[in-house]
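In: show me how the following folds:
(2 chains, ligands or ions: 5)
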Amino acid sequence: MSTEKPRPTFQMDGHDVPFDEGQSILAAALAAGRYVPYLCYHPEFQPHGSCKVCTVKINGRTHASCTTPAHEGDVVESNVDELNDMRKGLVQFLFTEGNHFCPSCEASGNCTLQAVGYDLGMTSAHYSPLFPDRPLDASHPEVLLDFNRCILCELCVRASALVDKKSVFSLAGRGIQKHLVVNAESGKLADTELSVDDKAMSVCPVGVILRKRRGFQVPIGERKYDEHPIREVAVQKQKGE
Amino acid sequence: MTLDPSAIVARHHGDASRLVQILHDVMAVEGHVAPPVITALARALGLPRGQVEGVVEFYSFFSSEPRGRFRVLFSDNITDEMAGSHELRKHMLDSFRLQPGEVSRDGLVSIGTTSCTGLCDQGPAMLVNDRAIPRLTPARIGAITSLIRGDVPVDRWPDNLFPIASHVERRDLLLSTELSPGAAIDAAIARGAAATIEEITRSGLRGRGGAGFSTGTKWAACASAPGPERYIVCNADEGEPGTFKDRELLAAHADLLFEGMTVAGFAVGASKGILYLRAEYPFLVEPLLATLEARRRAGLLGERVRDAFAFDIELHVGAGAYVCGEESALIESLEGKRGIPRNRPPYPVTHGYLQKPTVVNNVETLVAAALVATHGAGFLRAVGTPKSSGTKILSVSGDVARPGIYEYPFGVSVQQVLDDAGAVDTQAVQVGGPSGMLLSASELHRRIAFEDVPSAGAFMVFDGSRDMLAVVENFTRFFAHESCGFCTPCRVGTTLSAQMMKRVVSGTGSRRDVKDLAKVSNLMRATSHCGLGTTAGNPVLDALAKFRPSFDKRLRSLEVLPTFDLDEALAPAREATARDDEGAHFTNQTSQAEKP
Ligand SMILES: Cc1cc2nc3c(=O)[nH]c(=O)nc-3n(C[C@H](O)[C@H](O)[C@H](O)COP(=O)(O)O)c2cc1C
Ligand code: SF4
Ligand code: SF4
Ligand code: FES
Ligand code: FES
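Out: Residues are numbered from 1 along each chain as shown, chains lettered A, B, ... in the order given. Ligands and ions are numbered 1, 2, ... in the order given. I've put the predicted structure just below:
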């Protein structure tokens, strides 16, 4: 921004955060180097607002920060116990809802859900797991879908529709029955137009959409969130680094 | 009749925004929307197949699997349950030797449940092939069972099964004022559009659908939003369990409602209105269409209403989803999509139906608006309280001698309503439905008004014989069934609440469940995306505050009860990942559970 006027600001946890007109609280905070936990947001896409992990208090009321535009003078609380407890509760909900067996998961160490959970000090899923029955889809020659870990963030849906223009993925069902489906009468990925260089291949924050025969190429312990905490990765991602 | 998907699509002009109506037409022919039909519809409409599949699977009234030539759905509201619906359903299941939801082998019949059908004053009720049958008794169930056995099409079932009674027990402003068709429109034209909005604002009219937003302010915002096209949407989804007052207004005062919509159209400059009717009220479709037609013939709808403006109204039938009562989900549904509440801002008044400025109002609000347009702001101001002007129509059901429709000036006490309806030994009243407020016997002096106990219309009464935890359990089940699943807190929280309440009611709950119930409810309240999730914890939190001893009596003394074997439950995950080593097993439940 090279305007004469200084950019407007809001306050987050006692610090001034500058923002551009129309920018969300989350995007502005990340751009200013202030981490707010999130899962369904992605700097390259319209915010979705479904995971609610990015919840903050704006002038005393809770809002999802990724979908709420910033206003001059807003007083925002984020890194406080009350909100971090809520976020932890939501991440526990997601672990409870799916089948997340991290020790054997190909995404372990690269998984945003896992990293956010650790960052929030989550030590267990707390609730009785729901153990949904979500069969794998191994029909595609190069790609495996392990729905057990899907957190329904719709990033693959958005990427496939908006970037790849293929709409390979959609959501179906309601409530706790909601699930990811692929765009084929057979219900099989092999019968869709997915190809390995699609944007949809690279946006999943967990370990659902996996390249076959690439498993565990980088050993656990040397992966993304093993090297850098999610607080750093998220801030860099917003800057496009 | 054989199914021709492309002919159905053509009948709807290939308009993808009509997908929900198109699916109704398919369901009417085949009873389900088979996968090849989904493919054909997607192709004809130019939509991704997955999107059409998503819509089919979102709405309760659609199914991609065959469900039996006779699809029996018992209304699952607590008032139906109190009137014996579970026993009747079990009897019917037994006589067909079926499990709930199962389709009989010959494809004849399936028997399940559906959320409140809005017949709480004449329950237990059911839907058969989407036709409503009230006042079920063992004898009527017997008759229905024989008709199904004889494979008699529902069209030819005896007429005495279907009539929906009207029980209006108390009339006030809205239910007693007669208006000759066109009177409100003429008054609005005489006053002018801006002055009509002004009059509505001055009347103090607030939305009757739940949120209580000023109607005049809403109309003014829509009128001043930029753009040439605007819409008036009437919310007749009436999905809140225990609410049936819009049913009465639609059945007996449709002219007044359409008058209100037309006035709204004139005032904000909209030429199209849409009535979103819940699918549970199929018996209203023909009469409503007939009223619309009569109004067109009388020049009260169409290209030249009173030679002053263009306005017409279209009927849109929902498909079984409570969340579609939420105004932005309703708009998504009108556009042929899954009923997922939108992110706000922007609000419907600027970006509503087809992203055009849109007013969404409840049935009762629009009826009141028609009367204000005719008789002026003072008409409403004269009754009620300063903050809640006018009257409120209540749907009274449960443990009362005279269930039905009661219209009162705002400010009426809960006790007054109970007395008028003939309630004795009242233990609790659920005002405003499960998303509203649970009042205990010590709170009956409280008043129905926006500033005290607001109500979208439901008023369910429970006497001393009722198990309040079972009531709350029914409500948690309702929310779990109706959560749209968009946001994490509501999608997972409603299911966990329902599971925990089930444990508590059945006597296998622990103290930890009770703690977690409060925690989950508060999390839903603070972080959910729409009003469904933010209110879904209300019954649990109210009950914990007001009926705590009922919980404690029911608990096992243990802090935690192991409900299953963690290691065993992980077997599928081991199989899926082709692992059986030490790290893939839970050696002891606590230490392992701590490693997410
Ligand atoms: C889950 C949910 C269900 C709702 N159901 C209804 C309904 O059935 N009818 C209704 O008029 N409003 C319903 N509402 C409120 C609407 O979102 C909206 O506020 C209302 O239709 C506006 O009209 P009013 O201002 O005339 O009340 C519901 C809201 C939520 C969150
Ligand atoms: S597959 Fe991945 S990207 Fe797609 S919805 Fe599930 S978690 Fe999100
Ligand atoms: S609160 Fe519930 S109904 Fe509302 S958007 Fe979230 S999941 Fe859907
Ligand atoms: S990141 Fe904001 S709701 Fe998911
Ligand atoms: S580690 Fe497997 S889903 Fe996160």
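In: all strands for chain A, in order.
Out: A:9-12, A:15-18, A:55-58, A:61-64, A:75-77, A:143-145, A:169-172, A:179-182, A:209-211 (DSSP state E).
In: which residue ranges make up the domains of the chain?
Out: By default, I'm working from chain A. A:10-79, A:100-220 (automatic domain parsing).
In: please refer instead to chain B.
Out: Listed by automatic domain parsing, the domain ranges of chain B are B:5-58, B:70-161, B:169-381, B:392-466, B:473-554.
In: now the ones you listed in JSON lines, with mean neighbour count and mean pLDDT?
Out: Backbone N, C-alpha and C define where each C-beta goes, glycine included. Output for the domains of chain B, formatted as JSON lines (neighbours: other C-beta atoms under 10 Å in any protein chain shown; pLDDT from 0 to 100):
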{"stretch": "domain B:5-58", "mean neighbour count": "19", "mean pLDDT": "96"}
{"stretch": "domain B:70-161", "mean neighbour count": "19", "mean pLDDT": "96"}
{"stretch": "domain B:169-381", "mean neighbour count": "21", "mean pLDDT": "97"}
{"stretch": "domain B:392-466", "mean neighbour count": "21", "mean pLDDT": "97"}
{"stretch": "domain B:473-554", "mean neighbour count": "22", "mean pLDDT": "96"}
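In: TSV please, covering the ones you listed and showing distance to A:Ser195.
Out: Compiled in TSV, these are given as follows (distance: least, C-beta to C-beta, whole Å):
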stretch	distance to A:Ser195
domain B:5-58	17
domain B:70-161	39
domain B:169-381	27
domain B:392-466	46
domain B:473-554	29
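In: okay if I get those domains as a markdown table plus distance to chain A?
Out: Converted to a markdown table, the domains of chain B look like this (distance: least, C-beta to the nearest C-beta, whole Å):
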| stretch | distance to chain A |
| --- | --- |
| domain B:5-58 | 3 |
| domain B:70-161 | 12 |
| domain B:169-381 | 5 |
| domain B:392-466 | 15 |
| domain B:473-554 | 4 |
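In: what's the closest of those to A:Leu90?
Out: A:Leu90 sits nearest to domain B:473-554 of all these, at 5.1 Å, using C-beta to C-beta.
In: got the contact list for residue 208?
Out: Unless you meant another one, I'm taking chain A. Each residue near A:Val208 by C-beta atoms under 8 Å, 6 or more residues apart in numbering or on different chains is listed here: A:145-147, A:149-150, A:156, A:180.
In: switch to chain B, that's the one I care about
Out: When contacts are counted by C-beta under 8 Å, 6+ apart, B:Arg208 touches B:362-365, B:368, B:392-393, B:456-457.
In: circling back to that earlier point, possible to save the domains of chain B as a markdown table with distance to ligand 2?
Out: A markdown table is the format used below for these (distance: least, C-beta to the nearest ligand atom, whole Å):
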| stretch | distance to ligand 2 |
| --- | --- |
| domain B:5-58 | 12 |
| domain B:70-161 | 27 |
| domain B:169-381 | 14 |
| domain B:392-466 | 28 |
| domain B:473-554 | 12 |
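In: quick one: which of these is nearest ligand 3?
Out: Of all the domains of chain B, domain B:473-554 sits nearest to ligand 3, with 2.4 Å by C-beta to the nearest ligand atom.
In: does that closest one reach ligand 3?
Out: Yes: Domain B:473-554 reaches ligand 3 (C-beta under 6 Å from any ligand atom) through B:483-487, B:490-491, B:528-530, B:532-533.
In: next, format those as JSON lines and append secondary structure.
Out: Compiled in JSON lines, these are given as follows (DSSP: H, G, I helix; E, B strand; the rest coil):
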{"residue": "B:Ser483", "secondary structure": "coil"}
{"residue": "B:Cys484", "secondary structure": "coil"}
{"residue": "B:Gly485", "secondary structure": "coil"}
{"residue": "B:Phe486", "secondary structure": "coil"}
{"residue": "B:Cys487", "secondary structure": "coil"}
{"residue": "B:Cys490", "secondary structure": "helix"}
{"residue": "B:Arg491", "secondary structure": "helix"}
{"residue": "B:Ser528", "secondary structure": "coil"}
{"residue": "B:His529", "secondary structure": "coil"}
{"residue": "B:Cys530", "secondary structure": "coil"}
{"residue": "B:Leu532", "secondary structure": "helix"}
{"residue": "B:Gly533", "secondary structure": "helix"}
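In: circling back to that earlier point, out of the strands of chain A, flag the one nearest B:Ser435.
Out: Of all the strands of chain A, it is strand A:61-64 that lies closest to B:Ser435, at 18.3 Å by C-beta to C-beta.
In: same for that closest one, what does it pack against?
Out: strand A:55-58, helix B:511-527 (3 or more C-beta pairs under 8 Å, 6 or more residues apart in numbering or on different chains; DSSP states H and E).
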